[in-house]
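Q: Got a sequence here, can you build the structure:
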Amino acid sequence: MTAVLGHFVETAKKFVYGAQGEPYRFAGQTLRFVPGTRPIRLKYAKSPNVVNRHDALSILWMDQHLREGDTAIDVGACHGVYSLLMAAKCKAGGRVVAFEPDPYAREVLRRNIALNPQLAVPTVEDAACAERQDTELFFVKRGNSRSCLVRASNDSGRITVRLINLDAYIADHRLTPRLIKIDAEGAEIRILKGATRLLLSDAEILCELHPFAWKDFGNSFDELRTLLRHCNREIRYLDQGQESSREPTYGVAVLERA
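A: Residues are numbered from 1 along each chain as shown. This next block holds a predicted model:
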């Protein structure tokens with residue numbers, strides 16, 4: 001019943017908004033998104049739905065920590081929702097880089113960018129971030145946000161993607177990121193292992209943690225805790241009530257300076 005209702009709502013949005021995109025107010029601007037990809041409304045910051053709550057809290061946090069002229073990086077950009085919110089905050093004087101290896105999601109990302117010509121265009125990299133520079137199989141779900149580097153039972157295909165080391169990329173492009181958002185379906189520890197210089201910097205890092213997937217990636221909480229301790233950072237969940245000191249749970253965390 002829920003799936004049928006969701007399909008009906010999405011169909012209705014496409015009919016109402018058409019090619020102009022669904023509107024969303026943020027940072028004093030009206031942004032436009034392909035129907036079905038609009039960011040969550042901020043009123044859901046106290047929603048009982050954990051996914052909606054985490055998304056709203058992430059947007060609020062990003063709004064508070066980005067300024068005009070900043071550089072921001074979106075790792076696991078999917079449809080580019082956060083990339084465009086970043087661009088709206090950084091404005092013409094800033095820069096946004098979006099990493100998205102899934103070609104199906106990247107197509108929607110580019111459509112969302114095209115709907116917002118008033119924004120500085122984010123740089124879109126067709127690559128996954130990891131601890132090394134290489135290539136690797138990537139399991140896609142045709143634009144679903146759960147496409148990742150570890151095979152799932154319901155993936156719809158596999159492609160070979162570039163792996164990019166964040167520290168190397170930042171150095172090569174002479175970037176000084178103010179804020180980085182990471183949502184990589186369990187690959188976050190691999191990404192952070194390739195970003196120790198970034199962790200040692202003053203950059204703000206927002207990371208979605210997927211502890212249930214770490215074993216599949218060959219990673220562990222002890223590994224993450226050791227890495228963060230070495231870089232003088234610690235985990236602080238955005239969602240009140242989640243204890244940062246205990247074994248981690250799924251959620252969005254700030255990897256803040258200790």
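
Q: When you work out contacts or count neighbours from here on, use the C-alpha atoms and nothing else.
A: Will do.

Q: if you average pLDDT over the helix or strand residue 52 falls within, what comes out?
A: Per DSSP states H and E: residue 52 is located in helix 50-65. Helix 50-65 carries an average pLDDT of 96.

Q: Any buried residues in the longest strand along the chain, and which?
A: Ranked by residue count, the top strand of the chain under DSSP state E comes out as strand 157-165. By neighbour count on 16 or more other CA atoms under 10 Å, the buried set for strand 157-165 is 158, 161, 162, 163, 164, 165.

Q: With distance to residue 94 and pLDDT as extra columns, can I get these in TSV?
A: Converted to TSV, the buried residues of strand 157-165 look like this (distance: CA to CA, whole Å; pLDDT from 0 to 100):
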residue	distance to residue 94	pLDDT
158	35	86
161	28	94
162	26	96
163	25	96
164	22	97
165	22	97
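
Q: for residue 168, helix, strand, or coil?
A: Here residue 168 is recorded as helix under DSSP: H, G, I helix; E, B strand; the rest coil.

Q: returning to what we had before: which neighbouring elements make contact with the longest strand of the chain?
A: Packing contacts for strand 157-165, counted by 3 or more CA pairs under 8 Å, 6 or more residues apart in numbering; DSSP states H and E, involve strand 127-130, strand 134-140.

Q: Can you add mean pLDDT and give the ones you listed back as a markdown table?
A: A markdown table is the format used below for those (pLDDT from 0 to 100):
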| stretch | mean pLDDT |
| --- | --- |
| strand 127-130 | 96 |
| strand 134-140 | 88 |
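
Q: Deepest-packed of those strands, please.
A: Of all those, strand 127-130 has the most neighbours on average by mean count of other CA atoms under 10 Å, namely a mean of 25.

Q: now what about it, what contacts it?
A: Strand 127-130 is contacted by residues 75-76, 99-101, 161-166, 187, 190-194 when judged by CA atoms under 8 Å, 6 or more residues apart in numbering.

Q: my guess is residue 138 meets residue 126, correct?
A: No - using CA atoms under 8 Å, residue 138 is not in contact with residue 126, being 11.8 Å away.

Q: any common contacting residues for the two?
A: 101, 161.

Q: Quick one: residues contacting residue 49.
A: If a contact means CA under 8 Å, 6+ apart, then residue 49 has no contacts.

Q: where's it relative to residue 55, distance?
A: 10 Å (CA to CA, to the nearest Å).

Q: How about residue 72?
A: Relative to residue 55, residue 72 is positioned 18 Å away (CA to CA).

Q: Have a look at the two and say which one is more surrounded.
A: The neighbour count for residue 72 versus residue 55, taken as other CA atoms under 10 Å, is higher for residue 72 (29 against 21).

Q: The more buried one touches residue 84, doesn't it?
A: No - contact between residue 72 and residue 84 fails when scored by CA under 8 Å: they sit 10.6 Å apart.

Q: Overlap in contacts, these two.
A: Counting by CA under 8 Å, 6+ apart, nothing touches both residue 72 and residue 84.

Q: thinking again about what came up before, tell me the gap between the longest strand of the chain and the middle of its chain.
A: Chain-centre distance of strand 157-165: 17 Å, with CA atoms, centre = their mean, to the nearest Å.

Q: before we move on, what about stretch 47-61?
A: Taking mean C-alpha positions (CA atoms, centre = their mean), stretch 47-61 and its chain are 13 Å apart.

Q: Send me that stretch as PDB with only the CA atoms.
A: The C-alpha trace of stretch 47-61 is given here as PDB (Å, rounded to 0.1, in the frame of the first residue of the first chain):
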ATOM      1  CA  SER A  47      10.300  13.200  12.700                       C
ATOM      2  CA  PRO A  48       9.900   9.700  14.200                       C
ATOM      3  CA  ASN A  49      11.200   8.400  10.800                       C
ATOM      4  CA  VAL A  50      14.900   8.000  11.400                       C
ATOM      5  CA  VAL A  51      15.900   8.400   7.700                       C
ATOM      6  CA  ASN A  52      13.800  11.600   7.300                       C
ATOM      7  CA  ARG A  53      15.100  12.900  10.600                       C
ATOM      8  CA  HIS A  54      18.800  12.300   9.700                       C
ATOM      9  CA  ASP A  55      18.400  14.000   6.300                       C
ATOM     10  CA  ALA A  56      16.700  17.100   7.800                       C
ATOM     11  CA  LEU A  57      19.400  17.300  10.500                       C
ATOM     12  CA  SER A  58      22.100  17.000   7.900                       C
ATOM     13  CA  ILE A  59      20.700  19.900   5.900                       C
ATOM     14  CA  LEU A  60      20.400  22.100   8.900                       C
ATOM     15  CA  TRP A  61      24.000  21.400  10.000                       C
END
